[in-house]
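Enquirer: dropping a prediction and its sequence here:
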Amino acid sequence: MKVVNLTIVKLSICLVLGILAAHFFSTHFLLLVPLIGGCLLLAVLWLVGRNQLRPSILFGIAALFLFFGIGFVNYQLRLPKHRIHHFTHFSESGKSQTLQLKVVEQLKSDNYNDKFLATVQMVERKATVGRILIYVEKDSTSASIQLDHQLVAYAVMEAIPEMLNPHQFDYKKYMQTLGVYAQIRLSKTEVFLIDEGSTTMRGRSERIRNYATQQLTKTSIGIDELAILQALVLGQKRDVSTDLKQKYADAGAIHILAVSGLHVGVLFLIFNFLSYPFSRLPFGRIIQPLLVLLALWGFAFLTGLSPSVSRAVTMFSFLAVAQHLGRHTYTMNTLFLSFLFLLLLEPLWLFHVGFQLSYLAVFFIVWVQPKFAALWRPHFKVVRLFWGIVTVSISAQLGVLPLSLYYFHQLPGLFLLSNLVILPVLGILLGLGLLFILMACANIVPDWMTQTYGLLLQKLNAFITWVAAQNDFIIKDISFSMVQTFICYLLIIAFVLIWKRFTYRRIMFLLIAVCISIVALVWVELNQAGSELVIFQKSRSTLIGIIHGKQMTLLKPDSLSYKSSYPIKNYLVSKHIDEIKEQTLPGIFNYGRNTFLIIDSLGVYPKSKNIDYILLSNSPKVNLQRLVDSLDPLLIVADGSNYYSYVKRWKTTCEQAQTPFHHTKEKGAFVITKNPN
């Protein structure tokens, strides 16, 4: 009977806990005690019990502490403060320095800049390590920059800006999960290409992918179809239009555009089928898995060896080796073994959304799908195929739903319909797509194949467009917090355990899970019962939100509606706001016991002494020194509607007057929170 190896599961969980502890409590070095204690205890217990047939319980506990410590240290050693040669130790604030860089990745460009990730090899001729984000103005110079190119730049190294508004996407935190802790901005006169640099595997892979893309553009396939082909097979989503991408998201099929575990899993089955005849040859049990591994890693190479594809291929490589070497092992063991291996290799991957969703989807398919499949056993093969797709889709969606709601705040109600249509033909699209690209690179693609494959992709896009148009089935702007995500997974696991086997312990676990959920929900509701005032950072505009519980009053400068625009929309969703009222900005208003004065472009203000906070809006022409002497405020706030030259002058005046000054473009939104009484 195949059983789960709980040792691998426990070690994986302890490794994850160690990484999380290092991430959230990086300054608490007392957490290293489990590592040191685990090592010493393991050594002592091994010496004492090395002749025993089975290790003692203490040996197992020591191993768990050891893996917790490994996770903690492995994460800590990647932080700049623990790497003496990291370039951040050599940067001088506000000063331009000579940098030698090597490009390692090209990111999606914005309207004005091309973006790259590069390793900093030297700072002022001193050898360094670490990755940096590069913005290069769009021109003929930046277009020639490619992976592995070595550059020399003279620029100021800056910290990546903090999140300026609450509950918005934190780009700085995202960059840190990629190991990037600074950025530079370059014009065409500040960057020079030294040479093409030593070619890495990633660089070779990117060049092959770029060549394949160039060859595909020479075919007669349509623009949207070409973009989907590149995303589907090459893992290149840059050419997919925003509108088309949103349609795939609304249809619950956005995972099709991101080459990940799903694509690699389908190709794994295809390569297994194609290589089956080799298993009948002498040494076939060795030849077949090698061919499958070569094919999988060849696909990863074709897609640019991106981290998401490399992770998925690694996971299925473990499955391929376990399957073809005749190991009678439970798939769950292999899944956790690959999970453990990847986090030992790169602990930062734990915080990547793609990594989390991929492993959760596969975990729930392996754990729950057999139970769903056993509910009905159709007699006809075609019905069995579609029933298998239904059970796989439901299992995967069950696993990723809470996390998807937390990250994306959207529930595509027709995801099952989309998967029922797409999954049966995904293997055909991937297989033909690979063949199409290989033939395009060799310039031997016949017209009929281009037309046929283009028609398939056209029909796929048309189906996605139709599904996305069913707006009544798409639930958007769902408020879902991290606490709710945890509760959801706790309850799902408890109910699945009861469903799989009804025991006393599992009933108790379910009851405990329900009690924890109730306490957590009550705690969330109590926290939301307070009030909050936010002066948002928004360029060329003044927006003030006053929140009481689940109601919000938005003070705005004109008659336009801002509730569906940045940064209000994400704030409303994250704060679970049910009702919003929009009002025109007043000159003076009260929040609690504090009085706020708004001085706009007219520069008119009362002579009252009862002003606590002053908001400067739309660059008013006022004598700030006289204003401070007259009103003596607790703090002065300047939002994003003001000219920077004015703000700079105001900041100097406030420093001289020893009056606190808050510029939302530098320090982020100004927030005052009042807890419920």
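Expert: Arrived safely.

Enquirer: list the contacts of the residue lying farthest from the centre of the chain.
Expert: No residue in the chain sits farther from the centre than residue 607, which is 50.7 Å out by Cα atoms, centre = their mean. Residues in contact with residue 607, defined by Cβ atoms under 8 Å, 6 or more residues apart in numbering, are 630, 631. Heads up, the C-betas are built off the backbone N, CA and C, glycines and all.

Enquirer: residue 555 now?
Expert: Residue 555 touches 543, 544, 545, 546, 583, 584, 585, 586, 589, counting by Cβ under 8 Å, 6+ apart.

Enquirer: just the closest of those to residue 438, please.
Expert: residue 543 (53.3 Å; Cβ to Cβ).

Enquirer: just checking, residue 88 touches residue 97?
Expert: No. Counting by Cβ atoms under 8 Å, residue 88 does not reach residue 97; the two are 12.0 Å apart.

Enquirer: spatially central residue in the chain, please.
Expert: Note: the chain centre (Cα atoms, centre = their mean) maps to residue 353, 3.8 Å.

Enquirer: quick one: contacts for it?
Expert: For residue 353, the contacting residues are 403, 407, by Cβ under 8 Å, 6+ apart.

Enquirer: distance of it from residue 258?
Expert: 10 Å (Cβ to Cβ, to the nearest Å).

Enquirer: which residues of the stretch 351-500 of the chain fall in helices?
Expert: Under the criterion DSSP state H, counting those that start in this stretch, the stretch 351-500 of the chain contains helices at 353-373, 381-408, 415-441, 447-468, 482-500.

Enquirer: so which of the ones you listed gets nearest residue 230?
Expert: helix 415-441 (9.2 Å).

Enquirer: elements contacting that closest one?
Expert: helix 201-217, helix 223-229, helix 261-275, helix 284-302, helix 381-408, helix 447-468 (3 or more Cβ pairs under 8 Å, 6 or more residues apart in numbering; DSSP states H and E).

Enquirer: going by neighbour count, which residues of it are buried?
Expert: Across helix 415-441, burial judged by 16 or more other Cβ atoms under 10 Å covers 415, 417-419, 421-423, 426, 429-434, 436-437, 439-441.

Enquirer: does residue 596 sit in a helix, a strand or a coil?
Expert: strand (DSSP: H, G, I helix; E, B strand; the rest coil).

Enquirer: so what sits opposite the closest residue to it other than its chain neighbours in the bridge?
Expert: In space, and not counting its chain neighbours, residue 596 is closest to residue 613: 4.8 Å by Cβ to Cβ, 6 or more residues apart in numbering. Per DSSP bridges, the residues bridged to residue 613 are residue 596, residue 635.

Enquirer: show me what contacts residue 613?
Expert: 594, 595, 596, 597, 633, 634, 635, 636, 637.

Enquirer: coming back round to it: export the helices of the stretch 351-500 of the chain to TSV and tack on distance to residue 63?
Expert: Below are the helices of the stretch 351-500 of the chain laid out as TSV (distance: least, Cβ to Cβ, whole Å):
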stretch	distance to residue 63
helix 353-373	22
helix 381-408	28
helix 415-441	40
helix 447-468	48
helix 482-500	24
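
Enquirer: which among the ones you listed is found nearest to residue 207?
Expert: Using Cβ to Cβ, the nearest of the helices of the stretch 351-500 of the chain to residue 207 is helix 415-441, at 12.2 Å.

Enquirer: now do the closest one against helix 284-302, angle only.
Expert: Per axes from the mean of the first three to the mean of the last three Cα atoms, to 10 degrees, the angle that helix 415-441 makes with helix 284-302 is 90 degrees.

Enquirer: to the chain's geometric centre, what's the distance from helix 415-441?
Expert: 25 Å (Cα atoms, centre = their mean, to the nearest Å).

Enquirer: which of the contacts of residue 555 lies closest to residue 575?
Expert: Using Cβ to Cβ, the contacts of residue 555 come closest to residue 575 at residue 545, 9.1 Å.

Enquirer: assumed that closest one was part of a helix.
Expert: No. Using three-state DSSP, the assignment for residue 545 is strand, not a helix.

Enquirer: picking that back up, the helices and strands packed on helix 415-441 into JSON lines, with extra columns for mean neighbour count?
Expert: Output for those, formatted as JSON lines (neighbours: other Cβ atoms under 10 Å):
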{"stretch": "helix 201-217", "mean neighbour count": "16"}
{"stretch": "helix 223-229", "mean neighbour count": "20"}
{"stretch": "helix 261-275", "mean neighbour count": "20"}
{"stretch": "helix 284-302", "mean neighbour count": "18"}
{"stretch": "helix 381-408", "mean neighbour count": "18"}
{"stretch": "helix 447-468", "mean neighbour count": "16"}
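
Enquirer: save these as CSV, and put in distance to residue 484 and mean pLDDT too.
Expert: Compiled in CSV, the helices and strands packed on helix 415-441 are given as follows (distance: least, Cβ to Cβ, whole Å; pLDDT from 0 to 100):
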stretch, distance to residue 484, mean pLDDT
helix 201-217, 38, 84
helix 223-229, 34, 88
helix 261-275, 25, 82
helix 284-302, 36, 85
helix 381-408, 8, 85
helix 447-468, 26, 90
